[in-house]
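Q: Have a look; sequence and predicted model below, questions after that.
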Amino acid sequence: MDAQQRARYLEALGIDAWLPRGSSAPAAPPPRGAADAWDALRAEVRACTRCPLHRTRTQAVLGVGDPHAQWMVVGEAPGAEEDRQGEPFVGRAGQLLDSMLRAIGLARGRNVYIANILKSRPPGNRDPKPEEVASCLPYLKRQIELIRPVLILAVGRIAAHNLLGVTAALASLRGRVHQFGELNTPLVVTYHPAYLLRTPADKRKAWEDLKFARNVFRELTTST
Ligand code: URA
């Protein structure tokens, strides 16, 4: 699918402008020196003291996966196990996320990059505070600029709200293609795996979301 076809496809889904105003070109290729940019980002996040969470974390958790991935999953923040191991989604919720990815033919580290809104664990797994998100979101934006995924899957309310700048109920954000950031990266919302562990009846809805995301991805990457 070329840039114009992609624009037409997203328009048909109800998205009126996927390119920045005045632009007719697809997103530029990743900048040269991407490896250096990743090294710099990794070092910066490791040493980050932008918010008080650096005092209570074991380590910052940047993300995991293929830096050339076409899919990006964004969750909320590291939990206890992630804080210990330094990798996102390695606890029970992570195991469910891996199953969800497998269900649509993906696997951790293969064409998927997994990251969170926050890089440091909030004590007691409380919700991130707005000032923590404001401090941390620039790191996620840099990750997205470096990876330039075809599609972002936002898992859960915290990811969806902070990426989209809305406070609508998660249910109302499902089943639609949103866009994130200046690159207007297509973004689909689904439930957080930790929520699905608590509410298994909603796994069926999450499966609908995953099939929807897979279809959107296929449309975006298939040449016609
Ligand atoms: N929940 C998240 O949102 N992210 C993780 O990394 C782990 C659990």
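A: All right, it came through fine.
Q: And the one helix or strand residue 98 maps to, what's buried?
A: According to DSSP states H and E, residue 98 maps onto helix 92-103. Across helix 92-103, burial judged by 16 or more other CB atoms under 10 Å covers 93, 94, 96, 97, 98, 100, 101. Bear in mind the C-beta positions are built from the backbone N, C-alpha and C, glycine included.
Q: from what I can see the fifth one touches residue 106, true?
A: No. Residue 98 sits out of contact with residue 106 when judged by CB atoms under 8 Å, with a separation of 9.2 Å.
Q: what sits against the residue in the chain positioned nearest to the ligand?
A: Proximity of the chain to the ligand (CB to the nearest ligand atom) peaks at residue 75, 2.9 Å away. Contacts for residue 75 (CB atoms under 8 Å, 6 or more residues apart in numbering) come out as 88-89, 93, 97, 114-117, 155-156, 158-159, 192.
Q: Recalculate using a threshold of 6 Å.
A: 116, 155, 159 (CB atoms under 6 Å, 6 or more residues apart in numbering).
Q: pLDDT, distance to the ligand and neighbour count for those - can I get that in CSV?
A: Below are the contacts of residue 75 laid out as CSV (pLDDT from 0 to 100; distance: CB to the nearest ligand atom, whole Å; neighbours: other CB atoms under 10 Å):
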residue, pLDDT, distance to the ligand, neighbour count
116, 98, 5, 27
155, 98, 7, 28
159, 98, 7, 26
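Q: before we move on, back to that, quick check: phi and psi at the residue of the chain closest to the ligand.
A: Per-residue torsions, residue 75: phi -110, psi -150 (degrees, to the nearest 10).
Q: hey, what's it bridged with?
A: Here residue 75 sits in beta bridges with residue 116, going by DSSP bridges.
Q: Against residue 151, how distant is it?
A: Distance of residue 75 to residue 151, computed by CB to CB, to the nearest Å: 15 Å.
Q: Also within reach of the ligand: list those from the buried residues of helix 92-103.
A: 93, 94 (CB under 6 Å from any ligand atom).
Q: What is the nearest of the buried residues of helix 92-103 to residue 196?
A: residue 96 (6.1 Å; CB to CB).
Q: Please name the residues that touch the closest one.
A: Residues near residue 96 by CB under 6 Å, 6+ apart: residue 193.
Q: Give me the packing partners of the helix or strand hosting residue 135, helices and strands only.
A: Residue 135 is part of helix 130-147 when elements are defined by DSSP H and E. Under the contact definition 3 or more CB pairs under 6 Å, 6 or more residues apart in numbering; DSSP states H and E, helix 130-147 sits against helix 34-46, strand 112-116.
Q: Following it in sequence, what is the next regular element?
A: strand 151-155.
Q: between that next one and helix 92-103, how many degrees?
A: 140 degrees (axes from the mean of the first three to the mean of the last three CA atoms, to 10 degrees).
Q: Return the distance of strand 151-155 from the chain's centre.
A: 5 Å (CA atoms, centre = their mean, to the nearest Å).
Q: Report pLDDT for the residue of the chain closest to the ligand.
A: For residue 75, the model assigns a pLDDT of 98.
Q: Kindly report the same for residue 125.
A: Looking at residue 125, its pLDDT stands at 89.
Q: list the contacts for it?
A: residue 79.
Q: Residue 180 touches residue 164, doesn't it?
A: No. Between residue 180 and residue 164 there is no contact under CB atoms under 6 Å: 7.2 Å.
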